[in-house]
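Undergrad: Sequence first, predicted model second:
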Amino acid sequence: MVYGDLQFFDIIIFAAIAAFIIYRLRSVLGKRTGFQKKTTDHKPLYEEQDKKEEIAKIPSLLDNELKLENVYKKINNFDHKQFLDGAKKAFEIIITSFNNGDKKTLKDLVSKNVYLAFEKAIDNKTNNPSSQFYSLIIDSVEDAKVENNIISISINFVSEQMINDDEGKIIKNKDTWTFEKPTNSSSPKWVLTQT
């Protein structure tokens with residue numbers, strides 16, 4: 001009888017030790033309560049980080065260039081300084097080509113509709129070959145957007161043109177031109193789509 005009591009006593013001791021070990025493991029490792037945060041609960045942190053990275057890649061823009069932020073948010077390799085310099089050069093080339101009746105140069109730089117309008121004006125001799133640039137500035141960015149895989153930027157230009165090298169005959173013009181380019185294009189070439 002004594003031996004049987006001892007076995008019962010051993011079982012109680014082992015059960016107590018097992019309970020103690022389980023208690024200690026549970027306090028160290030924790031227990032599942034059903035209130036754990038899901039892995040998706042961290043999403044706002046990542047979104048916040050993405051927004052910071054997005055803001056970080058937008059350079060300082062002048063007040064009259066702020067609409068270009070729309071392009072920076074959607075196009076990784078956009079460079080507004082390069083674009084604006086190119087837009088000024090394109091404006092000069094297009095106006096000079098128009099004034100000189102150079103349809104071939106115009107055809108490569110403008111959309112079909114714009115080309116047809118320029119061609120009609122040249123054929124009607126409303127262009128002026130004696131007109132030359134006196135000054136040209138970009139006044140502001142009128143609009144900038146990325147839609148249907150097309151980047152579209154509208155620029156307000158202020159130009160002064162001299163007639164027959166006579167500084168007394170300077171004509172000041174304000175024009176809003178829209179340039180477009182596919183988002184997947186690696187070419188620096190933009191096409192004038194509206195004047």
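TA: Looks like it came in fine. Nothing here was measured: the structure is a model prediction, and the numbers come from that model.
Undergrad: pretty sure Glu160 contacts Ser131?
TA: No. Counting by Cβ atoms under 8 Å, Glu160 does not reach Ser131; the two are 10.6 Å apart. Heads up, the C-betas are built off the backbone N, CA and C, glycines and all.
Undergrad: Between these two, point out the one with more neighbours.
TA: Set Glu160 next to Ser131 and count neighbours by other Cβ atoms under 10 Å: Ser131 wins out with 18 against 13.
Undergrad: all helices in the chain, in order from the N-terminus.
TA: For the chain, the helices defined by DSSP state H cover 2-29, 43-57, 69-72, 80-100, 103-109, 112-123.
Undergrad: could those go into TSV alongside distance to Lys169 and mean neighbour count?
TA: Formatted as TSV, these follow (distance: least, Cβ to Cβ, whole Å; neighbours: other Cβ atoms under 10 Å):
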stretch	distance to Lys169	mean neighbour count
helix 2-29	89	9
helix 43-57	47	10
helix 69-72	38	18
helix 80-100	14	17
helix 103-109	25	14
helix 112-123	20	14
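Undergrad: Compare these and say which comes out lowest on pLDDT.
TA: Lowest mean pLDDT of the helices of the chain: helix 43-57, a mean of 55.
Undergrad: on that earlier part again, pull up the overlap in contacts between Glu160 and Ser131.
TA: Residues touching both Glu160 and Ser131 (Cβ atoms under 8 Å, 6 or more residues apart in numbering): Ile171.
Undergrad: can you list the domains in the chain?
TA: 2-36, 64-194 (automatic domain parsing).
Undergrad: Please tabulate these in JSON lines, including the columns distance to Lys57.
TA: What follows is the domains of the chain, written out as JSON lines (distance: least, Cβ to Cβ, whole Å):
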{"stretch": "domain 2-36", "distance to Lys57": "35"}
{"stretch": "domain 64-194", "distance to Lys57": "7"}
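Undergrad: that older thread, what's the closest of the helices of the chain to Asn173?
TA: Asn173 lies closest, by Cβ to Cβ, to one member of these: helix 80-100, at 9.0 Å.
Undergrad: so what does the closest one touch, helix or strand wise?
TA: Applying 3 or more Cβ pairs under 8 Å, 6 or more residues apart in numbering; DSSP states H and E, one finds that helix 80-100 makes contact with helix 103-109, helix 112-123, strand 131-147, strand 150-163, strand 166-182.
Undergrad: how does it look with 7 Å?
TA: Under the contact criterion of 3 or more Cβ pairs under 7 Å, 6 or more residues apart in numbering; DSSP states H and E, helix 80-100 touches helix 103-109, strand 131-147, strand 150-163.
Undergrad: which one of these is the most hemmed in?
TA: strand 150-163 (a mean of 18; mean count of other Cβ atoms under 10 Å).
Undergrad: Nearest approach to Ile58 belongs to which of the domains of the chain?
TA: Closest to Ile58 of these is domain 64-194 (Cβ to Cβ; 4.5 Å).
Undergrad: Just to check, Ile155 is in contact with Glu180?
TA: No. The pair Ile155 / Glu180 is not scored as a contact, 11.9 Å apart, by Cβ atoms under 7 Å.
Undergrad: Many thanks, we can stop here.
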